[in-house]
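Asker: My questions concern the predicted model and sequence given below.
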There are 2 protein chains.
Amino acid sequence: MARTGRRPGNQDTREAILAAAREAFAKTGYDGASIRLIAAAAKVDPALVHHYFGTKHQLFLDAMQVPFDPMQVLPQVLSGGADGIGDRLVRTMLRVWDSSAGGAALALVRSAVSNELIAKMLREFFLRQVTRRVTKELNLDPEEGRLRVSLVFSQIAGLIMARYIIRVEPLASASPDLVVALIGPTIQRYLTEPLPRSARS
Amino acid sequence: MARTGRRPGNQDTREAILAAAREAFAKTGYDGASIRLIAAAAKVDPALVHHYFGTKHQLFLDAMQVPFDPMQVLPQVLSGGADGIGDRLVRTMLRVWDSSAGGAALALVRSAVSNELIAKMLREFFLRQVTRRVTKELNLDPEEGRLRVSLVFSQIAGLIMARYIIRVEPLASASPDLVVALIGPTIQRYLTEPLPRSARS
């Protein structure tokens, strides 16, 4: 899970921009913050922010120390379409969380659980982007896409809780193959099986 | 979700026992702590601890401010046997979390996520007792029971994360009936459907 952000430039200026970004994201959320306002708060030119960090997406990843970019992981899961997508998602999640990025990802989950502002940012950042992409790739109605992604989120968040945070055995030390066999079908059902009638009204 | 603990006696003595209990549970876990050692730490007679709090189970609930007793809720879920157990579990969880006990339950989850000692206590206390009971009622092999309960835990913990902590829409504000229809079948599968062959070796 290599980081892709460019890291040039003066370290103090970079740090000032990151601090301004963290404050702006916390204050107004991901959507409300803009490169222009963050640059003004850091007393630098917006072009310099773009030069150091590229997009607002990348600036957010760097400012929040998000250890991997979900938008880089998602194509591996979506390639191949609906068939087997449940297994691919669980396998990919386990690969990320069992990797060296896992510790930082765990720290981020802990922050989101204890801090409503971080929860809101992650909701806006991760879930909205992921939902948009999944809805498009699986050709779903947008409302249906939101419901299906929220169900998938519930099972993946719970898997992370059970395996990495509360460490409930035997799930905590089960092999990735076994976890995929157990939980993949749930994700598959949430993404592609017909929803109960009450969800379609 | 009424509390059942008796609350008689001298308030200072009660508080001293609760403080000693919290320390003992944190230091040695639920299993390692005994009424005898807690009484000694609080400088009271063990009979007084029993008189104030009844069992170690109830003392734990009071010391950790657990807002409802899972062993009182579980019979409602297990009555009726395997048939429809997934729906009953989800409906019961929602009733507890949407009740006035929900706020305290949420505080406990937040503590467990940020504090490894609390996570360990809850694991020993809740999961072991729940697993023993479920395994017995559903007539499962003990190892199979542990795996099935850990899977159920993963989906329920994730539902709590999605609905009450991160508040992912539309799951966060979906009606209980809809949540039961969406997630009940997952719990049912985890508890009663055949496990993949790799889980049985």
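Answerer: All right, it came through fine. Numbering: from 1, shown residues only, chains lettered A, B, ... in the order given.
Asker: Do the helix ranked longest in chain A and chain B come into contact?
Answerer: Among the segments of chain A that qualify as a helix by DSSP state H, the longest is helix A:11-32. No - counting by Cβ under 8 Å from any Cβ of the partner chain, chain B is not contacted by helix A:11-32; separation bottoms out at 13.6 Å. Every C-beta, even on glycine, is put in place using the N, C-alpha and C of the backbone.
Asker: ok, and for that helix, which residues are buried?
Answerer: Across helix A:11-32, burial judged by 16 or more other Cβ atoms under 10 Å in any protein chain shown covers A:R14, A:I17, A:L18, A:A20, A:A21, A:R22, A:A24, A:F25, A:A26, A:Y30.
Asker: Distance-wise, check the closest residue in space to the third one that isn't next to it in sequence relative to chain B.
Answerer: I take that to be A:L18. Computed as Cβ to Cβ, 6 or more residues apart in numbering or on different chains, the closest residue to A:L18 that is not its neighbour in sequence is A:A63, at 5.0 Å. A:A63 sits 19 Å away from chain B, going by Cβ to the nearest Cβ, to the nearest Å.
Asker: so what's A:A63 up against?
Answerer: By Cβ atoms under 8 Å, 6 or more residues apart in numbering or on different chains, the residues touching A:A63 are A:L18, A:A21, A:R22, A:F25.
Asker: low-scoring stretches of chain A, by residue?
Answerer: The model of chain A has pLDDT under 70 over residues A:1-9, A:200-201.
Asker: Pick out the residue closest to the middle of it.
Answerer: The residue lying closest to the centre of chain A (Cα atoms, centre = their mean) is A:F126, at 4.0 Å.
Asker: Might one say that that residue is in contact with A:D69?
Answerer: No - checked against Cβ atoms under 8 Å, the pair A:F126 and A:D69 is beyond contact range at 10.1 Å.
Asker: For the buried residues of helix A:11-32, give me CSV that also has distance to B:A172.
Answerer: Output for the buried residues of helix A:11-32, formatted as CSV (distance: Cβ to Cβ, whole Å):
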residue, distance to B:A172
A:R14, 36
A:I17, 33
A:L18, 31
A:A20, 31
A:A21, 27
A:R22, 26
A:A24, 25
A:F25, 21
A:A26, 21
A:Y30, 18
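Asker: which one among these gets closest to A:A41?
Answerer: Taking Cβ to Cβ as the measure, A:A41 lies nearest A:A20 of these, at 4.0 Å.
Asker: Quick check, the closest one in contact with A:I35.
Answerer: No - contact criterion Cβ under 8 Å: A:A20 and A:I35 do not qualify, at 10.4 Å.
Asker: which residue packs closest to the residue of chain A found nearest chain B, ignoring adjacent ones?
Answerer: Per Cβ to the nearest Cβ, A:G158 is where chain A lies closest to chain B, at 2.3 Å. Among residues not flanking A:G158 along the chain, B:G158 sits closest, at 2.3 Å (Cβ to Cβ, 6+ apart).
Asker: One more: A:H57?
Answerer: A:M71 (7.3 Å).
Asker: need the contact list for that neighbour.
Answerer: A:M71 neighbours (Cβ under 8 Å, 6+ apart): A:H57, A:Q129, A:V130, A:R133.
Asker: so what secondary structure elements neighbour the helix or strand the third one falls within?
Answerer: It refers to A:V130. Under the criterion of DSSP states H and E, A:V130 resides in helix A:128-137. Applying 3 or more Cβ pairs under 8 Å, 6 or more residues apart in numbering or on different chains; DSSP states H and E, we find helix A:128-137 packed against helix A:70-78, helix A:142-160.
Asker: from those, which stretch is densest packed?
Answerer: Of the helices and strands packed on helix A:128-137, the one with the most neighbours on average (mean count of other Cβ atoms under 10 Å in any protein chain shown) is helix A:142-160, at a mean of 23.
Asker: helix/strand/coil for A:F60?
Answerer: Following DSSP: H, G, I helix; E, B strand; the rest coil, we place A:F60 in the helix state.
Asker: Around it, count how many other residues there are.
Answerer: Counted with other Cβ atoms under 10 Å in any protein chain shown, the neighbours of A:F60 add up to 21.
Asker: A:A21 is in contact with that one, correct?
Answerer: Yes - counting by Cβ under 8 Å, A:F60 does reach A:A21; the two are 7.3 Å apart.
Asker: shared neighbours of the two, which are they?
Answerer: By Cβ under 8 Å, 6+ apart, no residue touches both A:F60 and A:A21.
Asker: Would you list the phi and psi of the residue nearest to the centre of chain A?
Answerer: Main-chain torsions, A:F126, degrees, to the nearest 10: phi -70, psi -60.
Asker: Equivalent analysis for A:S100, please.
Answerer: According to degrees, to the nearest 10, A:S100 has phi -70, psi -20.
Asker: Then the one 10 residues further on?
Answerer: Here the main-chain torsion angles of A:R110 (degrees, to the nearest 10) amount to phi -60, psi -40.
Asker: In this structure it contacts B:S114, no?
Answerer: Yes - with contact defined as Cβ under 8 Å, A:R110 counts as touching B:S114 (5.7 Å).
Asker: can I assume A:Q129 is in contact with A:D69?
Answerer: No - with contact defined as Cβ under 8 Å, A:Q129 does not count as touching A:D69 (10.0 Å).
Asker: quick revisit: what residues does the residue of chain A closest to chain B make contact with?
Answerer: A:G158 neighbours (Cβ under 8 Å, 6+ apart): B:F153, B:S154, B:Q155, B:I156, B:A157, B:G158, B:L159, B:M161.
Asker: which ones are touching the fourth one?
Answerer: Which is B:I156. B:I156 makes contacts with A:G158, B:L89, B:V90, B:M93, B:I187, as judged by Cβ under 8 Å, 6+ apart.
Asker: what's the farthest-apart pair in these?
Answerer: A:G158 and B:L89 (13.7 Å).
Asker: If you count contacts, what does the one helix or strand A:V113 maps to end up packed against?
Answerer: Per DSSP H and E, A:V113 falls inside helix A:102-114. On a contact count with 3+ Cβ pairs under 8 Å, 6+ apart, helix A:102-114 meets helix A:85-98, helix A:116-122, helix A:142-160, helix B:102-114.
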